[in-house]
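Sequence plus predicted model, see below.
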Amino acid sequence: MSEEVESRIIKKYPNRRLYDTEESKYITLQQIRDLVLAEIPFIVIDQKSEEDITRSILLQIIFEQESETNPLFSNDNLERFIRFYNAGTHMGFSDFIGQGMNFFQQQQREFGKAMEGMTRSNPMTFWTDMTQKNIDAWRQMMGLGPEKDDSNKS
């Protein structure tokens with residue numbers, strides 16, 4: 001039986017302050033960002049309307065990070081995002097972005113694990129395996145089945 005994790009409740013008050021109900025203290029956007037990085041589930045509720053405003057808080061954090069000196073998104077990418085909202089196909093685009101981010105996150109984890117074990121194995125085997133995993137993941141993301149390699153079978 002899987003145990004469901006309860007989300008931490010953060011309340012946003014009319015004075016624009018954020019209150020962590022679990023820690024019983026006011027917190028900053030940076031501390032909410034830290035919750036995201038620590039993969040701690042949370043939800044932000046507007047204290048007055050009781051509306052879930054988590055998305056707007058997350059967008060505010062992204063906006064602040066994008067305003068820094070090394071933004072993640074180029075102007076060209078941001079313009080494309082805006083066009084997809086107008087195109088009526090943003091659900092497919094959203095799914096594609098989500099799959100791409102999952103793929104990238106998985107690759108980062110695998111790369112980290114592989115780098116730890118690289119000193120114990122042949123580097124060419126590592127890169128060959130990593131390339132094949134990337135090809136398989138890309139084919140799966142594009143809706144294609146895994147490529148069959150019959151050349152090694154007797």
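Yep, that arrived. Numbering: from 1, shown residues only.

Going by C-alpha atoms from here, please, whenever you check contacts or count neighbours.
Fine.

Give me the helices and strands touching the helix or strand hosting K113, please.
Using DSSP states H and E, K113 sits within helix 90-117. Packed against helix 90-117 by the contact rule (3 or more Cα pairs under 8 Å, 6 or more residues apart in numbering; DSSP states H and E) you find helix 123-141.

which parts of the helix it packs on are buried?
130, 136-138 (16 or more other Cα atoms under 10 Å).

For D95, see how far away the most centrally placed residue in the chain is.
Residue closest to the average C-alpha location in the chain (Cα atoms, centre = their mean): M101, at 5.6 Å. Going from M101 to D95 by Cα to Cα, to the nearest Å gives 10 Å.

again, but for E22
E22 is 33 Å from D95, where distance means Cα to Cα.

Provide a list of residues in contact with E51.
I45 (Cα atoms under 8 Å, 6 or more residues apart in numbering).

Now do the domain split for the protein, please.
Using automatic domain parsing, the domain parsing of the chain gives 8-66, 75-141.

Would you confirm that R33 contacts Q60?
No - counting by Cα atoms under 8 Å, R33 stays clear of Q60, with 10.3 Å between them.

how about G143, secondary structure?
On the three-state scheme (DSSP: H, G, I helix; E, B strand; the rest coil), G143 is labelled coil.

How about Q31?
helix.

where does this structure dip in pLDDT?
By pLDDT under 70, the low-scoring segments of the chain are 1-4, 87-91, 117-124, 126, 145-154.

try 50 this time
Applying pLDDT under 50 to the chain flags residues 1-2, 150-154.

picking up where we left off before, most tightly surrounded among the domains of the chain?
Greatest average neighbour count among these goes to domain 8-66 (a mean of 14), per mean count of other Cα atoms under 10 Å.

ok, now which ones touch D52?
By Cα under 8 Å, 6+ apart, the contact list for D52 reads 43-46.

how about a cut-off of 6 Å?
Contact analysis of D52 by Cα atoms under 6 Å, 6 or more residues apart in numbering lists 44-45.
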